[in-house]
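Asker: Prediction below, plus the sequence it came from.
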4 protein chains.
Amino acid sequence: MCRWAAWIGTPIFLEKLISEPEHSLIDQSRNALSCKVAINADGVGVAWYGDRPEPGLYKNVHPAWSDPNLLQLARQVRAPLFLAHVRASTGSATSYNNCHPFTLDKWSFMHNGMVGGFDQLRKRLEHGIDDALYLKRRGATDSEVLFLTAMGFGLAQAPIAAMAKAVQTVERHSRDVGVTPHMRFTGCWSDGETLYAARYASDDFAPSLFYHRSEAGTLVVSEPLEKNRSDWIEVPPNSVLTVSHTSLSVTPFIEGAREDNSPRVDDLIDA
Amino acid sequence: MCRWAAWIGTPIFLEKLISEPEHSLIDQSRNALSCKVAINADGVGVAWYGDRPEPGLYKNVHPAWSDPNLLQLARQVRAPLFLAHVRASTGSATSYNNCHPFTLDKWSFMHNGMVGGFDQLRKRLEHGIDDALYLKRRGATDSEVLFLTAMGFGLAQAPIAAMAKAVQTVERHSRDVGVTPHMRFTGCWSDGETLYAARYASDDFAPSLFYHRSEAGTLVVSEPLEKNRSDWIEVPPNSVLTVSHTSLSVTPFIEGAREDNSPRVDDLIDA
Amino acid sequence: MCRWAAWIGTPIFLEKLISEPEHSLIDQSRNALSCKVAINADGVGVAWYGDRPEPGLYKNVHPAWSDPNLLQLARQVRAPLFLAHVRASTGSATSYNNCHPFTLDKWSFMHNGMVGGFDQLRKRLEHGIDDALYLKRRGATDSEVLFLTAMGFGLAQAPIAAMAKAVQTVERHSRDVGVTPHMRFTGCWSDGETLYAARYASDDFAPSLFYHRSEAGTLVVSEPLEKNRSDWIEVPPNSVLTVSHTSLSVTPFIEGAREDNSPRVDDLIDA
Amino acid sequence: MCRWAAWIGTPIFLEKLISEPEHSLIDQSRNALSCKVAINADGVGVAWYGDRPEPGLYKNVHPAWSDPNLLQLARQVRAPLFLAHVRASTGSATSYNNCHPFTLDKWSFMHNGMVGGFDQLRKRLEHGIDDALYLKRRGATDSEVLFLTAMGFGLAQAPIAAMAKAVQTVERHSRDVGVTPHMRFTGCWSDGETLYAARYASDDFAPSLFYHRSEAGTLVVSEPLEKNRSDWIEVPPNSVLTVSHTSLSVTPFIEGAREDNSPRVDDLIDA
């Protein structure tokens, strides 16, 4: 389990999410509240969209709170869209390549969740990665497999459908090997123009997902950045949040999944 | 505040303290119980005495639990005397040179505690380091200053008196600048033959110090390695524990200090 | 291209190979002579056999010459058999998991060489790794694939035949994709009792392999540790050196390969 | 000895100096031409002036060529003024705190050179650091001492005179202990608006210093970024180059020093 935060709006310094708030990502790396694991000190990363189509990427295995390069970057770099992540390993090693976000061309992805029986599935899931993308597999996490699988399913053309298909595909493999929970997924991805964040689980325990909307922009988080949660809107399970600079919507993520619990479109804003 | 453990006895694998016990040093790095700071993830180190007079030294700024080199070393290296430490910074940076233990010739030292007003004192304390030892000052911690000051006071000739004088000297400087607590000190040092551990504070809150004695040897710790503390003997404040391969004693540390609370020789064992 | 050295004999400190000789491994990391790449600063590693059946492993991405932990370990640890390696990447990233040696159970392996067209081959080679070993694939190097492939072919039962089969298998895949040189291989592997080192290429340019034998033991290297090479015996191409504590032999490595150049058994010593 | 490059002009991506040119700083880290040490792999750093008065700072001990965070930062960050440095240690350890540039408030500083007898001088030079700046002493290099000494002499008020006084002061101490060369100095410093670079030695061997002026701005380097040096102007010994966004001058650095060799104002451009 990990913690993450993303921003889309007017350009702000990365530190507005990473180190400044009362319950900033760095604070969460020491004291997560909504998370099964209180310490998220197995790596940190940020992907930001600046003057190029592809994002910049900074990742490190040091605890976020003692990484001077992260603090400097967060203080100096300003971006209209960025994803930031602190990691608590659920098994794979603490290494640069296992840190989130993952990037490919102009796309970035980060994740909090798990795949049941991933160790037994790793070979077949990696074999399922598109040949053309296989060399982009650098680490050993389930999260990177999900991202590359979605890229192979055409994330660039169908950002929500491809991710939903990747999640369903991996969940199906997990059902084959019979390890529960099959899928817990709160992912966030972007092409630098639109930010997507989905919340889903194969059981009743989808990891949390919230957003906060202001005139300046929209903040999307796995856990609110203030201990007072009244200003934060929770995204329901099996839903995907789509935020551009001018619109925001919450729609169903995986069609037909967990119908008893299916979300409705509960929010649609034209800015 | 930090956590540490030391061993003197028959040679054992380092992992017997570092990773194996229920409340091992690595467990303490995530979940310290007696400690003001619950996370000790600002560096880890071990000094062990092997086939040479001077100790081997391994230090790293990664959290102890995710450092594969530490786990390998702990699994492979066996020593009759070693000191191991996990660090929670009280201000100075997370860097190799600020990790404990510190070593010089055949001596090693590690510490849990603090010096009141150290930032204001740093220049004068460093200037007080013996000229011949000045280049050995590599980091920025109060702990390393205490060690080098004690070395300059003749730790090699008078291992207890020199350390007591160093602690008193630094405490006196702290009283000059008027920042409390002036001194909290639970230190451990060795020349590879005898292990010394002292507990002291300028106020009523000396950091904890325990030991556990078995046929195989003596374990000295800042916090017991099992949650059940019944087998552990607490060393009283202002006392120094001296353990060789054949004897153990607890004696007063700083003469004249805190008389109302002065320890008595409470233990003397001839093995 | 990388540089490596291995020892089997009476226990010696690791520094006897790593830092002490005129042309030690650390010196080679700055100034390789027989190597296409003069700087080997993309990681360092050592696997040593101590008090346990499985080897200890230390690896790091820092240049060997400035890694205080490596220097300490090399100064303190003494072993009758060890493998040490400095890496110059031929493409894959500088990361802990890409450093040599690789270990599995009691086996260790390190390598200097390359596989032609490895990027195109990576998916099928990884898919060829035995299911039971797949999770041991941690990095992205051709070297680790060769090792795991050989383990899957029964390295533990047939240490030479399994490695030869792995090299041939990978070479055959390289011929399929048509990138030359298909295989350059100077590998070294051990189970803690016997040391194996093979030299092979699909063309006329097998990377160099030498050994030096004294009463104390046998040193096997990719490049001599002294600039004067007169005391060093070169292993011919397509040969495998087998050294135990009591015997040494050089035999053909891959049967039928490059017959025009096939080595003869040129050395057999009963100690 | 180290290699460095600095830019003042229209905002350019950091990679224009760090990784792109034929003889970029990263290429120089492997293959310096004008330098006594061919490999500069003991750390890398960059200070850039962006949207805040104080510079951003990125430093790392990994070799520049294999540091993915450096390459990302260099590719994404664009600045009108920045300083970049690759380090080859002349003695002090490879650590974050020993990497250049050093920064304080809005000032940054980097250096190629050495102080004769620095080990013997370290205590007195550190004691000479202004009390108010003493806590800013984080590492163990002569370069950081020079910078903090100059800051104490009023670098902010008199950027050239204070640096000249610091160099003279340290040189005088070196003459006291009698180790030659007393001073070799090619330093570069900035407040984010003006770039200063001085070249000086106590003997005839001042480290090299060049600049290249185009419409877009001025590049100042310890060694040209192309192997063809015809477009580069060498700064004479005992001179200081002062470059703002609108002017450039070369003037004497230390008055009265090495008169036989004293530079004249050889360049003055009004843009």
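Answerer: Ah, there it is.
Asker: Only C-alpha atoms, please: export the host helix or strand of residue A:169 in PDB.
Answerer: Counting by DSSP states H and E, the element that carries residue A:169 is helix A:159-177. Extracted in PDB, the C-alpha atoms of helix A:159-177 (Å, rounded to 0.1, in the frame of the first residue of the first chain):
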ATOM      1  CA  PRO A 159      -7.400   6.100 -21.700                       C
ATOM      2  CA  ILE A 160     -10.200   4.700 -19.600                       C
ATOM      3  CA  ALA A 161     -11.200   1.600 -21.500                       C
ATOM      4  CA  ALA A 162      -7.600   0.400 -21.900                       C
ATOM      5  CA  MET A 163      -6.900   0.700 -18.200                       C
ATOM      6  CA  ALA A 164     -10.200  -1.000 -17.300                       C
ATOM      7  CA  LYS A 165      -9.300  -3.800 -19.600                       C
ATOM      8  CA  ALA A 166      -5.900  -4.100 -18.000                       C
ATOM      9  CA  VAL A 167      -7.300  -4.300 -14.500                       C
ATOM     10  CA  GLN A 168      -9.900  -6.900 -15.600                       C
ATOM     11  CA  THR A 169      -7.300  -9.000 -17.400                       C
ATOM     12  CA  VAL A 170      -5.000  -9.000 -14.400                       C
ATOM     13  CA  GLU A 171      -7.900  -9.700 -12.100                       C
ATOM     14  CA  ARG A 172      -9.000 -12.700 -14.200                       C
ATOM     15  CA  HIS A 173      -5.500 -14.100 -13.900                       C
ATOM     16  CA  SER A 174      -5.600 -13.700 -10.200                       C
ATOM     17  CA  ARG A 175      -9.000 -15.500 -10.100                       C
ATOM     18  CA  ASP A 176      -7.300 -18.400 -11.900                       C
ATOM     19  CA  VAL A 177      -4.700 -18.800  -9.200                       C
END
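Asker: Which residue ranges of the stretch 101-250 of chain A form helices?
Answerer: A:118-127, A:142-152, A:159-177 (DSSP state H, counting those that start in this stretch).
Asker: So which bits of the longest one are buried?
Answerer: Think helix A:159-177. A:159-171, A:173-174 (16 or more other Cβ atoms under 10 Å in any protein chain shown). For the C-beta atoms, the positions are set from N, CA and C on the backbone; glycine is no exception.
Asker: Relative to the whole chain's centre, how far out is it?
Answerer: 16 Å (Cα atoms, centre = their mean, to the nearest Å).
Asker: Report the rounded mean pLDDT for that helix.
Answerer: The average pLDDT within helix A:159-177 is 97.
Asker: Next, the angle helix A:142-152 makes with it.
Answerer: Between the axes of helix A:159-177 and helix A:142-152, defined by axes from the mean of the first three to the mean of the last three Cα atoms, to 10 degrees, the angle is 130 degrees.
Asker: Please apply the same query to the first one.
Answerer: For helix A:118-127 and helix A:142-152, the angle between their directions (the same axes, to 10 degrees) works out to 30 degrees.
Asker: And the contacts of helix A:118-127?
Answerer: A:91, A:115, A:134, A:137, A:140, A:142, A:145, A:149, A:170, A:173-174, A:177, A:179, C:123, C:126-127, C:129, C:131, C:134-135 (Cβ atoms under 8 Å, 6 or more residues apart in numbering or on different chains).
Asker: about what we covered before: and of the buried residues of helix A:159-177, the nearest to residue D:66?
Answerer: Using Cβ to Cβ, residue A:166 comes nearest to residue D:66 of those, at 31.2 Å.
Asker: Distance of that closest one relative to chain B?
Answerer: 28 Å (Cβ to the nearest Cβ, to the nearest Å).
Asker: ditto for residue A:150
Answerer: In terms of Cβ to the nearest Cβ, residue A:150 sits 28 Å off from chain B.
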